[in-house]
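Visitor: give the three-dimensional model of this entry:
(one chain, ligands or ions: 1)
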Amino acid sequence: MPELPEVELVKRDLEKIVGFEIIDYELSDYVLNGHKGNKRTIVKQSLQEFSRVQYSTIYSLGRRGKYMYFSLRKEQSDFNLVAHLGMSGAFFIVNNLDEITEKNFKKHWQVIFRLSNGQILVYSDIRRFGEMRIVDSIEGFKPIAEMAPEYTEPSARAHFINTLKSGRYNESFIKPIIMDARILPGVGNIYASEALYISHILPTKRVKNISRERLSNLFDAIVEVFELSLSYGGSTISDYRSVTGGSGEMQNKFKVYGLKTCPEGHELKTKVMSGRNTYYCTKCQR
Ligand SMILES: [Zn+2]
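Guide: From the prediction side, this is the model:
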């Protein structure tokens, strides 16, 4: 599942389409049939509402947590197309579908936007957990309205520590709680395990038993993992692909995720927490 660095890299790759108009779009049978059955597959609003996207011009791209958004303008009105890649979403900018070399991504295209430069922007999603919607304002979109500051914001560390220390999360295990965007946006399952290892904190530790100082170290570790991942082009775990179809190298830098031993040579433990595989070392983490 793409986490903050992967979404940020997709956003950066897509910046080359800024300035183009979306002259038309096409929805897959999965999306159309889902909507006929009142299941809002991918497009999380009525297809009528979504149709505003046609004839709009992309004037900038943004990201908040794991959401990315295209700021659009049409006849003096501004609105946004917000996208979440879900478990396996990917964007491609190509001349035609055949240029998508990975068979599964080509087969599982869900939305095709035809751009004024003759190219198409394709959203592919094999498992269809991704989301797309038109919203008037980014700040008015609930998941973003409730989101903690981005890790790059000066207030992010204090927000992270103070929210965790507010008392509300005392009994929570630390690992699932740092994946909550209201604490810090963009941490997913892989980087949660990595950051907890780097900061020597057990994923099963309850929030109330972790000092402010250790939470501050954890914040630093998350930033370190995000920045490292950005510099290595993100992680390629099964489904993540960049817009160019390329893959990142961060998976080769993992200290614990998916591994048998930690960098110190200790045997790693795995545990399913909130339905997600968690990797940790009982010698390095406490
Ligand atoms: Zn260890």
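Visitor: for the stretch 151-286 of the chain, which segments count as strands?
Guide: In the stretch 151-286 of the chain, the strands defined using DSSP state E, counting those that start in this stretch lie at 269-273, 276-280.
Visitor: check which helices and strands the last one is in contact with.
Guide: For strand 276-280, the helices and strands in contact under the criterion 3 or more Cβ pairs under 8 Å, 6 or more residues apart in numbering; DSSP states H and E are helix 189-198, strand 269-273. C-beta: built from backbone N, CA, C; applies to glycine.
Visitor: quick check: mean pLDDT of that strand?
Guide: Mean pLDDT, strand 276-280: 96.
Visitor: okay, now the sheet partners of it, with direction.
Guide: If you go by DSSP bridges, strand 276-280 pairs up with strand 269-273 (antiparallel).
Visitor: what sits against Arg286?
Guide: 200-202, 205 (Cβ atoms under 8 Å, 6 or more residues apart in numbering).
Visitor: ok, those residues vs the ion, which is closest?
Guide: His200 (9.3 Å; Cβ to the ion).
Visitor: residues near the residue lying closest to that closest one once chain neighbours are set aside, how many?
Guide: Nearest residue to His200, sequence neighbours excluded (Cβ to Cβ, 6 or more residues apart in numbering): Gln285, at 5.3 Å. A count of nearby residues for Gln285, using other Cβ atoms under 10 Å, gives 20.
Visitor: can you name the residue of the stretch 101-250 of the chain nearest the ion?
Guide: Tyr197 (7.9 Å).
Visitor: interface residues of this protein facing the ion?
Guide: When proximity is defined as Cβ under 5 Å from the ion, the chain approaches the ion at 262, 264, 266, 281, 283-284.
Visitor: neighbour-wise, which one of those leads?
Guide: Cys281 (23 neighbours).
Visitor: give me the domain ranges for this protein.
Guide: 4-145, 156-280 (automatic domain parsing).
Visitor: mean confidence (pLDDT) on the longest one, please.
Guide: The average of the pLDDT scores along domain 4-145 is 96.
Visitor: surely Asp24 and Val53 touch.
Guide: No. Using Cβ atoms under 8 Å, Asp24 makes no contact with Val53, being 9.7 Å away.
Visitor: of those two, who's got more company?
Guide: Taking neighbours as other Cβ under 10 Å, Asp24 and Val53 compare with Val53 leading, 21 against 13.
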